[in-house]
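Engineer: Show me how the following folds:
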Amino acid sequence: LRRSPGEVCFPGGKSEAADKDDIDTALREAKEEVGLQPERVEVICRLMPGIDKMNNLVTPVVGFIEDTFQATPNPDEVSEVFVVPLEYFVKPLNYKSFSYKTSSGYLTRMHCFTYDDQEHKRSFRIWGLTAHFAVFLALVIF
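Structural biologist: You can find the predicted model right below:
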């Protein structure tokens with residue numbers, strides 16, 4: 001909430017000295033942010049890293065969790081949690097892309113999805129690196 005208030009993103013953050021690797025960082029951050037216990041995650045792989053808007057290298061870690069998992073958001077870091085079916089990122093109901101200039105001046109396209117969450121009775125805007133990683137994972141899976 002401090003760094004990107006109001007933005008949708010996956011759990012994650014900067015590595016700490018005690019983290020052995022990217023996987024350790026991802027599992028620790030998921031536990032801190034949404035209460036996901038590391039032993040309840042079957043880590044599958046890491047995706048190709050991306051660079052966020054602050055020029056940080058972000059390495060996504062992908063894993064399976066039980067569909068019965070109930071998130072307990074840390075109110076200091078997360079305002080709410082919602083679930084989007086991965087298939088939505090290859091068959092979206094509300095999608096657009098727009099031009100975006102990177103910090104190095106490179107012009108590229110950025111994904112932007114609007115997901116209508118029936119359970120929460122509201123819409124969520126998913127864009128930028130979060131949307132990029134979701135699309136990439138969906139294309140690999142499907």
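Engineer: so what's residue 93 closest to, chain neighbours aside?
Structural biologist: residue 116 (7.2 Å; C-beta to C-beta, 6 or more residues apart in numbering). (C-beta placed from N, C-alpha, C; glycine too.)
Engineer: Repeat that for residue 139.
Structural biologist: Using C-beta to C-beta, 6+ apart, the closest residue to residue 139 is residue 90 (6.6 Å).
Engineer: quick one, what contacts the one you found?
Structural biologist: Contact analysis of residue 90 by C-beta atoms under 8 Å, 6 or more residues apart in numbering lists 135, 138, 139, 142.
Engineer: any idea how far the strand or helix carrying residue 110 is from the chain center?
Structural biologist: Counting by DSSP states H and E, the element that carries residue 110 is strand 107-117. Chain-centre distance of strand 107-117: 13 Å, with C-alpha atoms, centre = their mean, to the nearest Å.
Engineer: what's the next secondary structure element after that strand?
Structural biologist: Counting by DSSP H and E, what follows strand 107-117 is strand 122-127.
Engineer: Okay, angle between that next one and strand 107-117 too, please.
Structural biologist: 160 degrees (axes from the mean of the first three to the mean of the last three C-alpha atoms, to 10 degrees).
Engineer: Paired strands for the strand holding residue 110, with orientation please.
Structural biologist: strand 95-101 (antiparallel), strand 122-127 (antiparallel) (DSSP bridges).
Engineer: Near the spatially closest residue to residue 138 that is not a sequence neighbour, how many other residues are there?
Structural biologist: Spatial nearest neighbour of residue 138, chain neighbours left out: residue 89 (3.9 Å); criterion: C-beta to C-beta, 6+ apart. By other C-beta atoms under 10 Å, 24 other residues sit near residue 89.
Engineer: ok, back up a step: quick check: the gap between the residue nearest to residue 93 and residue 123.
Structural biologist: Distance, residue 116 to residue 123, using C-beta to C-beta, to the nearest Å: 5 Å.
Engineer: Kindly report the same for residue 104.
Structural biologist: 32 Å.
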